[in-house]
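# This is the structure alone, sequence omitted:
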């Protein structure tokens with residue numbers, strides 16, 4: 001069953017990738033542009049500590065479960081979460097993760113919340129015991145639910161403990177400056193993948 005599910009997901013990801021490429025090609029044929037959908041998933045990393053944090057920012061970081069520096073969480077993007085991310089932009093780096101990043105983070109740094117304890121996802125049985133009533137019986141199900149922002153995203157994301165990442169290989173540039181200005185804070189769109197891989 002688990003292998004069949006993994007196979008089905010692999011086909012689904014591949015098909016989505018092919019569809020995107022075909023749409024770009026078709027648009028180019030008629031001298032046009034294809035604009036993909038707005039991303040639905042963000043990976044958020046806290047890059048600054050606790051000094052001189054205003055109460056409002058502190059509260060939002062707590063709601064996002066980013067209580068420590070170099071903690072990372074997946075966030076479903078909607079108008080409310082986008083506003084929250086904008087308010088705490090100087091303290092976080094975020095962007096839109098690809099499948100490879102999502103998979104590597106969950107397999108390498110994935111921990112589940114089991115009876116209030118932080119338990120590593122060393123086995124599919126940990127997932128099955130806690131998320132089987134939400135249709136997740138293996139780690140691939142968790143990855144699929146997170147990456148596609150499925151109907152049980154909230155439950156699955158809450159089950160995942162915030163990722164405790166290392167400081168990035170090669171260090172940050174300047175955490176006090178926005179990414180657009182050559183720093184590290186704020187939205188870096190698809191470039192979050194490189195940062196996440198350096199911190200994983």
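It's in. Source: prediction; values computed, not measured. Numbering: from 1, shown residues only.

# Strands of the protein, start to end?
In the chain, the strands defined using DSSP state E lie at 41-46, 71-76, 92-95, 111-114, 117-120, 163-164, 186-187.

# Packing partners of the first one?
Put plainly, it is strand 41-46. Strand 41-46 makes packing contacts with strand 71-76, helix 79-87, strand 92-95, helix 99-109, helix 192-199 when contacts are defined by 3 or more Cβ pairs under 8 Å, 6 or more residues apart in numbering; DSSP states H and E. C-beta coordinates here come from the backbone N, C-alpha and C atoms, glycine included.

# Tell me which of the strands of the chain sits most buried.
strand 92-95 (a mean of 26; mean count of other Cβ atoms under 10 Å).

# what's the distance between that one and the middle of its chain?
How far strand 92-95 lies from its chain's middle: 10 Å, per Cα atoms, centre = their mean, to the nearest Å.

# who touches it?
The contact list for strand 92-95, computed with Cβ atoms under 8 Å, 6 or more residues apart in numbering, reads 42-48, 61, 66, 75, 85, 179, 184-193, 195.

# separation between residue 135 and residue 101?
Counting by Cβ to Cβ, to the nearest Å, the gap from residue 135 to residue 101 is 23 Å.

# Run a quick neighbour tally on the nearest residue to residue 13 once chain neighbours are set aside.
Spatial nearest neighbour of residue 13, chain neighbours left out: residue 99 (5.8 Å); criterion: Cβ to Cβ, 6 or more residues apart in numbering. Using other Cβ atoms under 10 Å, residue 99 has 17 other residues around it.

# which residues sit in contact with residue 99?
13, 143, 147.
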